[in-house]
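Peer 1: whatever this is, show me its structure:
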Amino acid sequence: MANFKIATFNANSIRARLGIITDWLGREAPDVLCVQETKVQDKDFPVEPFAQIGYHCEYFGQKSYNGVAIITKEPPADVRKGFGDGAETQEQARLIAATVRGVPVVNTYVPQGFEPGSEKFAFKLEWFKRLRAYLEKYYSPDTPLIWTGDINVAPEDRDVYDPAKLRGHCGFHPDEQAALAALTEAFGFVDVFRKYVDEPEQYTFWDFRLPRSVQRKLGWRIDHIFATKTLAARSAHCFIDIEPRKLPKPSDHTFLVAQFDV
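Peer 2: Predicted coordinates for the structure are as follows:
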């Protein structure tokens, strides 16, 4: 068996965060980095800086909003972009999938939802249903699969800095938590981070609007790495790298990393 290292990161503009990402790749050297909120059209994706450090890029983007990418040491196989279910005349760039070293990876940027009761919130809940149909079409709970990305849901009280205050807000609403739980249970997904880390105050996102949010531990755990049971059993480690969030001009998210023996 060989080590397989995968990470996820909401860049909040891949071009704005390019130096942070390439430096991190040079230091951590994952096999796969899944990126969300790239905010760049495909024709403008910064392929060359990644090629210079030995990484291949697959991407699905749109102007100014959304956008996802899978950045890999080895060229991936079976690349798919979007649901392809015909449910929208113009698909938002929120899903990209590929197989890397024999491991299927689905990278998603789940809609944020705006606020409960809004059309965008209903769209978010429907998006989870579409994702379940997509997974059932292409994959099986009995085989290795990683689903990762900015999922935009904190599953439990310990995943937000003030559950009493935030309960019912977008990202920490029972309807969203139920939608996430229905999908993970249907597919037998294991939250790999929680397999290894039980403690509270483990966050991947800190709102720019809250002063010194990182230092004050005012965060949310909304970025996740899920694996089917057969693959989760071969996981070795999972951790949040908080240091990039402390750098000048960071994303409001940071890197989540998992390792597997595959």
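
Peer 1: quick one: contacts for the closest residue in space to Trp206 that isn't next to it in sequence?
Peer 2: Excluding the flanking residues, the one nearest Trp206 by C-beta to C-beta, 6 or more residues apart in numbering is Ser213, at 3.9 Å. All C-beta atoms are positioned from the backbone trio N, CA, C, and that covers glycine. By C-beta atoms under 8 Å, 6 or more residues apart in numbering, Ser213 lies in contact with Trp206, Asp207, Gly219.

Peer 1: tell me if I'm right that the first one and Arg221 touch.
Peer 2: No - the pair formed by Trp206 and Arg221 falls short of the contact definition of C-beta atoms under 8 Å, at 10.8 Å.

Peer 1: got the buried residues for the helix or strand where Lys165 lies?
Peer 2: Using DSSP states H and E, Lys165 falls within helix 163-166. Judged by neighbour count using 16 or more other C-beta atoms under 10 Å, the buried positions of helix 163-166 are Leu166.

Peer 1: which helices and strands does it pack with?
Peer 2: Packed against helix 163-166 by the contact rule (3 or more C-beta pairs under 8 Å, 6 or more residues apart in numbering; DSSP states H and E) you find no helix or strand.

Peer 1: can you give me the mean pLDDT across the following helix or strand past that helix?
Peer 2: Next in sequence after helix 163-166, counting helices and strands by DSSP H and E, comes helix 174-187. Averaging pLDDT along helix 174-187 gives 97.

Peer 1: list the buried residues of helix 174-187.
Peer 2: In helix 174-187, the ones that count as buried by 16+ other C-beta under 10 Å are Asp175, Glu176, Gln177, Ala179, Leu180, Leu183, Thr184, Phe187.

Peer 1: contacting residues for the second one?
Peer 2: I take that to be Glu176. Gly113, Lys124, Leu125, Asn152, Val153, Cys170.

Peer 1: now, these that are in helices?
Peer 2: Lys124, Leu125 (DSSP state H).

Peer 1: kindly reformat the contacts of Glu176 as CSV containing pLDDT and distance to Leu135.
Peer 2: Shown next, in CSV, are those (pLDDT from 0 to 100; distance: C-beta to C-beta, whole Å):
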residue, pLDDT, distance to Leu135
Gly113, 96, 20
Lys124, 97, 17
Leu125, 97, 16
Asn152, 98, 17
Val153, 98, 16
Cys170, 97, 24
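
Peer 1: closest to Ile14 among the contacts of Glu176?
Peer 2: Asn152 (18.2 Å; C-beta to C-beta).

Peer 1: just to check, the closest one is in contact with Phe114?
Peer 2: No - taking C-beta under 8 Å as the definition, Asn152 is not a contact partner of Phe114, at 10.9 Å.

Peer 1: between the two, tell me which one has more neighbours.
Peer 2: Asn152 (24 against 14; other C-beta atoms under 10 Å).

Peer 1: just give the nearest non-adjacent residue to the more buried one, would you?
Peer 2: Val110 (4.5 Å).

Peer 1: can you check Phe239 too?
Peer 2: Val257 (5.6 Å).

Peer 1: which residues does the residue nearest the centre of the chain bridge with?
Peer 2: For the chain, Gly149 is the residue whose C-alpha lies nearest the centre (C-alpha atoms, centre = their mean; 0.9 Å). Assessed by DSSP bridges, Gly149 has beta-bridge partners Thr108, His224.
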